[in-house]
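With the sequence up front, the predicted model follows.
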Amino acid sequence: MQLVNFAEKEWGHEEWIVNNDLYCGKKLILKKGFRCSMHMHKVKDETFYILSGKVLMETEFEGEKTVKIMEAGDIQHIKINMLHRFTGLEDSQIMEFSTFHMDSDSYRVEVSGKVAQEELNNILSKVEF
């Protein structure tokens, strides 16, 4: 029996289900009030599917920025070279489906960590409902 690999993150953890030459599948456990780094991939193409919770998703591609709130059942496709970051508005579970993952393909422009409430309120004030 093959076991799931765990990768601890400041924002929660990843449960690596599969990562081979063809594809990668992970379950992401995101803690409320934390976010991943703002980053992009030059090779990896990925799709997020929200299993539970509430997630603030920020993306930027070719100069166009989007900020949206995602809930269970929502999907976000992340294209190659698209900056992206997710923040837990609630404890959340996210499935990630992608092409092969390699750490060297993550290009971070801002670090991950706990989000100050004032900053989160500022971001949320710009979200269209």
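Yes, it's here.

Distance from the chain centre to stretch 91-104, please.
7 Å (CA atoms, centre = their mean, to the nearest Å).

same thing with stretch 84-100?
The chain centre lies 4 Å from the centre of stretch 84-100; the measure is CA atoms, centre = their mean.

which ones are touching the spatially most central residue of the chain?
For the chain, the residue nearest the mean C-alpha position is Phe86 (4.5 Å; CA atoms, centre = their mean). Shown here is Phe86, whose contacts under the criterion CB atoms under 8 Å, 6 or more residues apart in numbering are 30, 35-36, 48, 55-58, 94. Quick note: C-beta positions are derived from backbone N, CA and C, even for glycine.

can you map out the strands along the chain?
In the chain, the strands defined using DSSP state E lie at 5-9, 12-19, 24-30, 34-35, 38-40, 46-52, 54-61, 64-71, 75-78, 83-88, 92-98, 107-110, 113-114.

buried residues in the third one?
I take that to be strand 24-30. Within strand 24-30, the residues that count as buried by 16 or more other CB atoms under 10 Å are 24, 26, 28-30.

That one - contacts with which helices or strands?
Contacting strand 24-30 under the criterion 3 or more CB pairs under 8 Å, 6 or more residues apart in numbering; DSSP states H and E are the following elements: strand 12-19, strand 83-88, strand 92-98.

now with 10 Å?
Secondary-structure packing of strand 24-30 (3 or more CB pairs under 10 Å, 6 or more residues apart in numbering; DSSP states H and E): strand 5-9, strand 12-19, strand 46-52, strand 54-61, strand 83-88, strand 92-98.
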